[in-house]
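1. need a structure here:
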Amino acid sequence: MPMDDAVAVKPPAQVPPPLVPGLRGLLTLAVGVVLIAALYFGREVFIPLVLAVLLSFVLAPVVNLLRRIKLGRVPSVIVAVLLALGVIGGIGAVIGTQVAGLAGNLPQYQATVSKKFAGLQQGWLGEANRVISKFSHEVHDATQKADASGTTAATGPAGDTPKAQLVRVQEPEISPLALAEKVLGPVFEPLTTVGIVLVVVVFLLLQREDLRNRMIRLFGSSDLHRTTVAMDDAAGRLGTYFLAQLGMNAAFGVIVGVGLWFIGVPSPILWGVFSALMRFVPYIGAFISGILPVALAAAVDPGWNMVIATAALFLIAEPVFGQVIEPLLYGHSTGLSPFAVIVSTLFWGFLWGPIGLILATPFTVCLVVLGRHVDSLEFLDILLGDRPPLTPVENFYQRMLAGDPDEARDLGEQMLKERSLSSYYDEVALKGLQLAANDYARGVVTPAQLENIRASSRSLVEDFEDHPDVEPAGTDATVNPNDTPTLAERAHPKNEAVPGQAPSRDALPDAWRGEAPVLCLAGRGPLDEASSAMLAQLLRKHGLGARVTAYQSASREGIRDLDLSGVAMVCVSYLDITGNPSHLRYLLERLRRKSRDVKLLVGLWPQGEAVLTDTELGRQVGADAYVSSLRGAVEACLREAGATATGDETPAAANAARSWNPPMA
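-> Numbers count the residues shown, from 1 in each chain. Purely as a prediction, here's the structure:
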């Protein structure tokens with residue numbers, strides 16, 4: 001068999017070994033270690049700065065509102081900061097008053113707790129305590145006997161024992177300066193931090209546009225568009241997150257405070273504020289904030305009704321807020337995976353303590369946004385984001401490679417809820433088969449794995465035999481502009497379904513009235529037959545009969561027995577022509593000699609092939625039309641069959657089909 005007709009089976013190639021981390025990787029690791037050390041040892045400087053940045057996000061809408069009423073930039077910033085200072089001061093005053101009230105009633109609470117424990121000791125708790133005490137006494141007596149025998153042996157015959165000596169510890173007198181520092185230090189430290197934060201907030205709000213321009217110049221002057229989009233996305237995502245989270249936490253605190261007031265727990269305002277602040281800690285913060293109110297309820301009420309009601313308040317309110325209200329209001333606004341939230345909370349809590357617990361989620365959001373816009377940081381979005389870790393194409397290839405058509409079908413059905421079958425085949429299945437063909441050419445896919453891919457592909461096409469090629473109801477073919485796609489998702493757009501249907505058989509031209517007027521001929525690649533099966537299925541769904549035949553049927557020996565009766569068009573499918581179209585030209589010449597009346601269409605699914613863009617090369621190869629997608633192939637067949645035109649050709653169809661010879665009749 002001549003070389004141009006033989007199925008291309010390349011010898012297994014050697015896969016190069018993985019690269020050893022070089023100087024750049026070690027330098028990146030060193031920079032990361034230095035950065036973490038700087039964040040840890042410089043936390044007294046970084047924490048006020050970060051708090052100021054976060055507070056500026058909260059106050060920015062207030063400043064914009066004041067500026068819209070013509071108040072001016074500087075007065076608007078001052079009014080907003082004074083308003084924030086008043087809120088912080090008011091909350092601090094309320095907390096101080098509530099704590100003072102609790103401190104005055106501590107003796108009464110201690111007496112109640114003592115009575116409650118005394119009552120418990122008379123019941124099963126007392127019985128358990130007596131058993132434990134008896135066991136402890138027995139262990140203690142045995143230990144004393146062992147110590148006594150050891151002491152007797154150590155003192156010797158004389159029995160002399162060392163005499164105890166009285167030691168007096170006298171503390172030095174505290175100076176007035178040291179006393180003032182001890183008393184006022186815990187008060188001045190938070191006041192100093194608040195002052196630094198407010199000063200930095202003022203400058204951030206006044207110089208917001210200037211700081212943005214400097215960041216663009218520093219990090220992205222070579223790509224202003226991407227840098228601007230990244231900063232706007234980060235600012236919008238963070239601003240939305242903070243405002244929504246602040247509103248939700250405040251509402252949670254109000255509900256807790258009102259509920260505790262009805263239950264009768266003292267200082268309900270204090271616990272409401274505490275619960276609102278603790279809820280910034282994801283997952284566990286709200287439940288931790290309920291420990292102290294439950295303990296206080298146990299100290300106030302001689303019975304257990306108040307304790308049960310307080311615990312029920314937290315156990316019901318947090319799941320309702322976290323699992324029902326938040327998803328309804330702003331959904332997954334952070335774009336983080338639950339695993340990333342837990343890891344970031346532990347990491348920043350270790351670095352910065354309680355403040356780090358509150359700042360963990362905002363910091364991780366910033367990293368995810370950077371990963372979505374910067375190529376070298378895409379791993380951050382993969383590790384921390386809530387987007388699928390694999391693209392649809394990679395998922396398809398991985399399931400085909402594993403020989404798991406059931407999961408591949410499940411993933412396909414999920415995608416078909418938002419796109420047409422032709423779009424799924426073009427943007428996912430064909431690209432996944434291309435990955436498989438490329439890996440087989442490199443020698444990394446074994447023949448057994450290749451057979452798994454072939455069998456899984458046939459099974460997948462059979463599973464979708466009854467699925468129409470229409471746009472799903474309630475979906476839009478365009479991508480939501482408010483949803484920022486990942487770098488990997490941008491390479492896989494969603495196209496609309498193929499418009500139109502073939503006329504009835506009686507209305508078709510004579511050459512198209514057979515049972516299968518379209519012959520889908522597979523190329524010589526190992527997976528071209530799978531792409532031909534997808535094309536034949538789509539043609540049948542649009543009213544044109546089609547059948548599939550292997551490449552060997554059109555080889556030099558097989559062309560003699562190829563039956564083209566009733567065939568009006570031959571569609572040749574190639575996943576890859578390896579840059580050399582000579583064998584394709586020879587194939588088309590044999591088909592021309594077999595039947596002069598049959599139209600020839602070539603589908604080169606990998607976009608960018610030279611024959612798709614070079615007009616002269618396309619004429620030399622000799623096809624009537626060339627397409628780069630299954631959608632384009634179906635539209636070309638429908639036009640040739642005389643389908644009624646619905647208007648001007650869409651840009652998608654114009655890009656999908658190119659014809660250098662006179663238009664097909």
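
2. give me the helix or strand of this structure that scores worst on average pLDDT.
-> Lowest by mean pLDDT, DSSP states H and E among the helices and strands of the chain is helix 651-656, with a mean of 37.

3. quick check: residue 576 is in a strand.
-> No: counting by DSSP: H, G, I helix; E, B strand; the rest coil, one finds residue 576 to be coil, located in no strand.

4. right, and it touches residue 433 too?
-> No: counting by Cβ atoms under 8 Å, residue 576 stays clear of residue 433, with 10.0 Å between them. To be clear about C-beta, it is placed using only N, CA and C from the backbone, and glycine gets the same treatment.

5. looking at those two, which one has more neighbours?
-> The neighbour comparison of residue 576 against residue 433 (other Cβ atoms under 10 Å) goes to residue 433, with 28 against 21.

6. ok, residue 250 - contacts?
-> residue 276 (Cβ atoms under 8 Å, 6 or more residues apart in numbering).

7. sticking with it, tell me its helix or strand.
-> helix 224-263 (DSSP states H and E).

8. show the subsequent helix or strand relative to that helix.
-> That would be, after helix 224-263 and using DSSP H and E, helix 268-278.

9. from the contact counts, what lies against the helix or strand following that following helix?
-> Using DSSP H and E, the helix or strand that directly follows helix 268-278 along the chain is helix 285-289. The elements that helix 285-289 packs onto, with contact taken as 3 or more Cβ pairs under 8 Å, 6 or more residues apart in numbering; DSSP states H and E, are helix 268-278, helix 305-320.

10. show me what counts as buried in the helix or strand following helix 285-289.
-> Using DSSP H and E, the helix or strand that follows helix 285-289 in sequence is helix 291-300. By 16 or more other Cβ atoms under 10 Å, the buried positions in helix 291-300 come out as 292, 293, 294, 296, 297, 298, 299, 300.

11. kindly report the same for stretch 571-590.
-> Neighbour count says stretch 571-590 has 571-577, 581, 583-588, 590 buried, by 16+ other Cβ under 10 Å.

12. looking at those residues, which is nearest residue 393?
-> residue 575 (13.4 Å; Cβ to Cβ).

13. pull out the buried positions in whichever strand or helix holds residue 89.
-> For residue 89, the enclosing helix or strand under DSSP H and E is helix 73-104. Using 16+ other Cβ under 10 Å as the test for burial, helix 73-104 gives 76, 77, 78, 80, 81, 84, 98, 102.

14. so how far is residue 314 from the nearest residue to the third one once chain neighbours are set aside?
-> The reference is to residue 78. Of all residues not flanking residue 78 in the chain, residue 202 sits nearest, at 7.5 Å (Cβ to Cβ, 6 or more residues apart in numbering). Residue 202 sits at a distance of 38 Å from residue 314 (criterion: Cβ to Cβ, to the nearest Å).

15. look at the two and report which has more neighbours.
-> Taking other Cβ under 10 Å, residue 202 and residue 314 do not tie; residue 314 has more neighbours (23 against 18).

16. how about stretch 544-556: buried residues?
-> Going by 16+ other Cβ under 10 Å, stretch 544-556 has these buried residues: 544, 545, 546, 547, 548, 549, 550, 551, 552, 554, 555.

17. the residues you listed in strands, which ones?
-> 546, 547, 548, 549 (DSSP state E).

18. read off the pLDDT value for the third one.
-> pLDDT, residue 548: 91.

19. how about it, what does it touch?
-> Applying Cβ under 8 Å, 6+ apart, the residues near residue 548 are 520, 522, 529, 532, 533, 536.

20. can you check residue 243 too?
-> With Cβ under 8 Å, 6+ apart, residue 243 has these contacts: 57, 58, 61.

21. for ChimeraX, what selects the buried ones among these?
-> Burial among the contacts of residue 243 is assessed by 16+ other Cβ under 10 Å; the matching ChimeraX selection reads:
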select :57
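
22. tabulate the contacts of residue 243 (a markdown table), appending secondary structure.
-> What follows is the contacts of residue 243, written out as a markdown table (three-state DSSP):
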| residue | secondary structure |
| --- | --- |
| 57 | helix |
| 58 | helix |
| 61 | helix |
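
23. nearest to residue 189, of the contacts of residue 243?
-> For the contacts of residue 243, the nearest to residue 189 is residue 58 (23.1 Å; Cβ to Cβ).

24. just checking, that closest one touches residue 244?
-> No: if you go by Cβ under 8 Å, residue 58 and residue 244 don't touch, sitting 11.2 Å apart.

25. could you list the low-pLDDT ranges of the stretch 451-600 of the chain?
-> Applying pLDDT under 70 to the stretch 451-600 of the chain picks out residues 474-497, 577-580.

26. same question for the stretch 101-250 of the chain.
-> For the stretch 101-250 of the chain, applying pLDDT under 70 flags the ranges 113-131, 134-135, 137-142, 144-188, 216-227, 229-238.

27. same thing but at 80, please
-> Within the stretch 101-250 of the chain, the ranges that satisfy pLDDT under 80 run 101-194, 208-245.

28. next SSE after the helix or strand hosting residue 586?
-> Counting by DSSP H and E, the element that carries residue 586 is helix 582-594. For helix 582-594, the following helix or strand on the C-terminal side (DSSP H and E) is strand 599-604.

29. I'd like to know which elements that next one is packed against.
-> strand 569-574, helix 582-594, helix 610-613, strand 625-627, helix 630-640.

30. correct me if wrong: residue 424 contacts residue 415.
-> Yes: between residue 424 and residue 415 there is a contact under Cβ under 8 Å: 5.5 Å.

31. quick revisit: can you show me the CA trace of the helix holding residue 586 as PDB?
-> Output in PDB follows, covering the C-alpha atoms of helix 582-594 (Å, rounded to 0.1, in the frame of the first residue of the first chain):
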ATOM      1  CA  SER A 582      -0.600  16.100  -0.400                       C
ATOM      2  CA  HIS A 583      -2.400  13.000   0.800                       C
ATOM      3  CA  LEU A 584      -5.600  15.000   1.000                       C
ATOM      4  CA  ARG A 585      -5.200  16.100  -2.600                       C
ATOM      5  CA  TYR A 586      -4.600  12.500  -3.800                       C
ATOM      6  CA  LEU A 587      -7.700  11.400  -1.900                       C
ATOM      7  CA  LEU A 588      -9.900  14.100  -3.500                       C
ATOM      8  CA  GLU A 589      -8.500  13.200  -7.000                       C
ATOM      9  CA  ARG A 590      -9.500   9.600  -6.500                       C
ATOM     10  CA  LEU A 591     -13.000  10.700  -5.400                       C
ATOM     11  CA  ARG A 592     -13.300  13.000  -8.500                       C
ATOM     12  CA  ARG A 593     -12.400  10.200 -10.800                       C
ATOM     13  CA  LYS A 594     -14.900   7.900  -9.100                       C
END
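
32. now do it against strand 599-604, angle only.
-> Here the directions of helix 582-594 and strand 599-604 differ by 160 degrees (axes from the mean of the first three to the mean of the last three Cα atoms, to 10 degrees).
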